[in-house]
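Here you go, sequence then predicted model.
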Amino acid sequence: MADENKKTKNDKFVGSVKVGPKGQIVIPKEAREMLNISTGDTLVLLADAKQGIAVQKYEVYEEFFEQVFNAGQSPTKSE
């Protein structure tokens, strides 16, 4: 079987994956290494019917999520 994945540069990767019976995919090792994705990491999946799917590490959005979830709260007063 030919290798269907290709690392084009240090910051680029092209590959193909198959969807398994449970809807799962495997992120190729080269892509995981390039993006520093490890076992147990939490990823965020964004999907758009026209643009496709994007997957990013949770840490990239963590501060944004905190701001959104805390938006309705009053600032605390320091004494």
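Right, received. Where do you want to start?

Which residue is the nearest non-sequential neighbour of the residue nearest the centre of the chain?
Geometric centre of the chain, nearest residue: Gln56, 2.0 Å, by CA atoms, centre = their mean. The shortest distance from Gln56 to any non-neighbouring residue, by CB to CB, 6 or more residues apart in numbering, is to Val44 (5.3 Å). Using the backbone N, CA and C atoms, a C-beta is placed for each residue, glycine as well.

so the one you found, which of the three states?
strand (DSSP: H, G, I helix; E, B strand; the rest coil).

I figured it hits Val55, correct?
Yes. The criterion here is CB atoms under 8 Å, and Val44 meets it with Val55 at 7.2 Å.

And for Glu30, the neighbour number?
15 (other CB atoms under 10 Å).

Check the one 5 residues further on too.
Each residue near Leu35 was counted by other CB under 10 Å, and the total is 16.

Just give the closest residue to it, not the sequence neighbours.
That would be Lys57: by CB to CB, 6+ apart, it lies 7.2 Å from Leu35.
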